[in-house]
Structure formats: C-alpha cells, structure tokens
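Engineer: structure for the following, please:
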Amino acid sequence: MAREKEKRKDAEEDLTQLRIYIFFIVVFSLIVLIITGGFLWFREYRKEARSTLDKHKHQMDFWKNWNIKSKDLTFVKKLAAGAEGEVWKGKLHGRIGDYAIKKAINTPDQDCSNGRAIWDEREVSFMMLVTHENLVEFIGAGEIRPEEGPVKGLPEMIDDEPVLFMVQEYMDGGSIDNYLHSTPRTFLTWAQRIQWAEDIAQGLEFIHGKGFAHRDLKSPNVLYEKSTMRAKVADFGLTTHVSSKNIDIGILRRESALHTSSCGTPQWMAPELCKTMADINDKYEVSVENNKDRARQDALRSYKDFKEKHGRVEYGKMVDVYAYGCVLFEISEHKPPWAADMDINRVFTKASWPSEIAPDPNPNLSP
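Structural biologist: Numbering: from 1, shown residues only. Below you'll find the model as predicted:
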C-alpha cells in the first residue's frame, strides 16, 4: 500500500510539473506571438509612414522646384499634334531661349489628368526624379485653368476642365526619324551614326540603372540638336518601374511583376509583346466573324475574358533593348522597321514568329 501511495504521489508530482511546463510554453508562445505581431505591425506602420513621407516630399519638391504658372507661358508655334496632346515651341517668362511645351488634350470621355495631381502624372513624376545629359531636360509643369484667363499665343479654351502642360528643353532638330527617313544613307556619316547610337544607349542605360523601363523607345522619341548633332531620349509617358526594389511615388509604384502588353508602338515592340497582341487580335477577329447575334455575343465575351487574362505579361528592361536594336536599324538604313508592311496586325504576327520558323530575309547570303 505504501509503495502504491508513493507511486501515486510521484505521478501527481509529474503531472503537476507537466502542467507547469505546458503553462510556461503557452505563455512563452503568446509572448512570442505578441512580440512578432508587434514587430510586423511596426514594420508595416513604418513602411506606410515612410511612403506617406515620400509622397509629401515628392509633392513639396514639385511646388518648390517644378511648378510653372500658365501666365508665364507664351505659345509661339505648334510643332506637332496627336490624339493625346500637342507640342508647341514657346517662351517662358524670366528665361532666355525657346522651350518645348507639351499640352494635353481633354477628351469627352476622359480628362487629361485622370483625377491625379500634377506631380503624380507618370511623365511628370518620372522626370522629377531623373536628370541626365542624354535625356531631354525637364523644366517644369502646371495646369492651364480657364478661370485664370487666356494664355499668350493659345486659342481660348472652350472646355472648363484644367489642362496639363509640361515644359522641356527645345531640341531644334526635332526627332531623328524625320531626319533619317527623308534622307539617303549617304547623308549621314558613320561617325554621326555611332554618336547617335551612343547617346541613346547612355540615356537608356541611365534609365535602366534607376530601375525603370521606357517602354516606348523609337526614333520619333529621340530628339537631336542641329548645332551639335547630339541626341537625347524623350517622351516618358509610358515609363514604369520594373526593378525588384520598389519606390512608392504615385503612379510609378511597382505593384506587380506583370505589366500591360499593349504598350509601345508595334514596329518597335519586342516579340513577346507582339505575340500576346497577335493572339488577342486573332481572338477578336474570330469573335467578329460570327454572323449570329447570340454567337457573336458569346465570342465577344470570350474575347474580353481572353484579353483580361492575357493582356498583362511579365517583362522588364529587355523590351527597351529590342526597341534600341530597331532604332539602330533605322540609323543604319534610313527607314523604319517593317517599312514594307505597315499593317499593324501583320507586324504583330511577323515580329512574334519564333526564329526557327521565321523566313530567311536573304536566302542567297551565306552565313
């Protein structure tokens, strides 16, 4: 009996000791969870605070260094016009020389600002962050507001919505495509060709070094100066951040490795983007070929689902490298890529062909 009582006592002591161990393990686990949760919360809070601070700094930087009032502008001559805006040669009060003024155009279904502040516009935001001798110099930006009165040299605005404008350095030579495509190959020396190629490469290298991709590099977006014949990369309206190291400034924030495939200009688009666009276009062609209303509706619904699923692809800076190769072709040959076939859908199809089935451009040329 005494031995059984002793065993029972030892068992109760062991059980009590086990309960104490379990209690301390539970308490310790709770403490670890609380500390870990607090650390994660603090990290997210610090990240959010830093993001807010960066945004405020970006905004203050705009108001301090880049804001231009429309009353200080004088529009002298319209240089170019497109669906999204106009480019003018103009003057800036208090500064000597000519400047290029890019003025957005408000459309009936969408205003040019898209509800964003000036400093959060993609091109403005990017150019506030970068300065390089081979990138067109950014002077500033602002808004033309009808209530502030007419702007010198600009027709009176009919729309009541404010219009975004950007001021950049004026490159009197214009874009290199106008020079190249209107002159014979003998018109440009190889020293000048190499200089342009180097200028563009250095500008592109700088952009990539900052973690961005231009996404619309082409000869119309490369400007040159007549006196020096030096070139600079321009038009950063599609520029986006592609580096794994994120920045949190407005629209330039990188939220995903996926980007829209419908960016750039077909003749300069990389094969992987052309392949996606060709597939999307083929899907659309199939959908509109149906004559019956019900079948057409189903086909269009299928097309929209396909476009939603495949319209965003993963790519990076290499799309600019391909476009740069196309620009080098232009500098060498004085004609645009795919000059013989200007149909966009055919360009998408041809550019997306795998190399093993692509036709030999010159079968008589030995390797």
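Engineer: what's the average pLDDT for whichever strand or helix holds residue 101?
Structural biologist: Assigned by DSSP states H and E, residue 101 belongs to strand 99-104. The average pLDDT within strand 99-104 is 93.
Engineer: show me what that strand is packed up against.
Structural biologist: Contact here means 3 or more C-beta pairs under 8 Å, 6 or more residues apart in numbering; DSSP states H and E; on that basis strand 99-104 packs against strand 73-81, strand 85-92, strand 163-169. Placement of C-beta: from N, CA and C, glycine included.
Engineer: adjacent strands (with direction) for the last one?
Structural biologist: The strands that strand 163-169 pairs with in its sheet are strand 99-104 (antiparallel), strand 138-144 (antiparallel) (by DSSP bridges).
Engineer: save those as JSON lines, and put in distance to residue 162 and mean neighbour count too.
Structural biologist: Shown next, in JSON lines, are the strands paired with strand 163-169 (distance: least, C-beta to C-beta, whole Å; neighbours: other C-beta atoms under 10 Å):
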{"stretch": "strand 99-104", "distance to residue 162": "10", "mean neighbour count": "22"}
{"stretch": "strand 138-144", "distance to residue 162": "4", "mean neighbour count": "20"}
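Engineer: redo the ones you listed as TSV? Include distance to residue 195.
Structural biologist: Shown next, in TSV, are the strands paired with strand 163-169 (distance: least, C-beta to C-beta, whole Å):
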stretch	distance to residue 195
strand 99-104	22
strand 138-144	23
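Engineer: quick one: closest of these to residue 44.
Structural biologist: Among these, the nearest to residue 44 by C-beta to C-beta is strand 138-144 (32.8 Å).
Engineer: quick one: contacts of that closest one?
Structural biologist: Residues from elsewhere that reach strand 138-144 (C-beta atoms under 8 Å, 6 or more residues apart in numbering): 62, 65-70, 92, 99, 103, 113, 118, 121, 124, 127-128, 131, 151, 154, 157, 162-169.
Engineer: show me where pLDDT drops low in this protein?
Structural biologist: Low-confidence segments of the chain (pLDDT under 70): 1-7, 9-11, 14, 45-54, 106-115, 158-159, 243-264, 278-315, 341-342, 352-367.
Engineer: now do 50
Structural biologist: Across the chain, residues meeting the criterion (pLDDT under 50) sit at 108-113, 246, 248-251, 254-261, 355-367.
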